[in-house]
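Undergrad: Kindly return the folded structure for what I paste below:
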Amino acid sequence: MENELRIYRAKHDLTQKDLAMAVGVTRQTINAIEAQRYDPSLELAFELAEYFECSIEDLFTYDGE
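TA: Just a heads-up that it's a prediction; the model follows:
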């Protein structure tokens, strides 16, 4: 699954640690999502979208894999 998390985080001038603390995960989790090594749970995807006030589809794109 592709994502725009790094872009949204940069637009809001957040570090990975800042975002991780805001949604209750570790910095390593945010790093793994941004590097596309880890797909977030549906709950975490909703939390991230809510944090950035956007839809899940704005943050994540299913690539068929």
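
Undergrad: for Phe46, what are its contacts?
TA: Neighbour list for Phe46: Ile56 [criterion: C-beta atoms under 8 Å, 6 or more residues apart in numbering]. (C-beta placed from N, C-alpha, C; glycine too.)

Undergrad: What is the neighbour count of Leu19?
TA: 22 (other C-beta atoms under 10 Å).

Undergrad: Next up, phi/psi of Lys3, please.
TA: Not quite, residue 3 is Asn, not Lys. Dihedral pair for Asn3: phi -150, psi 160, per degrees, to the nearest 10.

Undergrad: Now for it, how many residues are close by?
TA: Quick note: Asn3 (other C-beta under 10 Å) scores 19 neighbours.

Undergrad: May I ask you to confirm that it is in contact with Ala32?
TA: No: assessed by C-beta atoms under 8 Å, Asn3 is found out of contact with Ala32, at 10.9 Å.

Undergrad: Which helix runs longest in this protein?
TA: Scanning the chain for the longest helix, with DSSP state H as the assignment, gives helix 42-52.

Undergrad: I'd like the average pLDDT over that one.
TA: On average, the pLDDT along helix 42-52 is 97.

Undergrad: That one: how far from the chain's middle?
TA: Centroid displacement of helix 42-52 relative to its chain, using C-alpha atoms, centre = their mean, to the nearest Å, is 7 Å.

Undergrad: Dump the C-alpha coordinates for it into CSV.
TA: C-alpha atoms of helix 42-52 as CSV (Å, rounded to 0.1, in the frame of the first residue of the first chain):
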residue,chain,number,x,y,z
LEU,A,42,-7.5,0.1,10.0
GLU,A,43,-7.9,1.8,13.4
LEU,A,44,-4.5,3.5,13.0
ALA,A,45,-5.3,4.6,9.4
PHE,A,46,-8.5,6.2,10.7
GLU,A,47,-6.6,7.9,13.5
LEU,A,48,-4.0,9.3,11.1
ALA,A,49,-6.7,10.5,8.7
GLU,A,50,-8.5,12.1,11.6
TYR,A,51,-5.4,13.8,12.9
PHE,A,52,-4.7,15.3,9.5
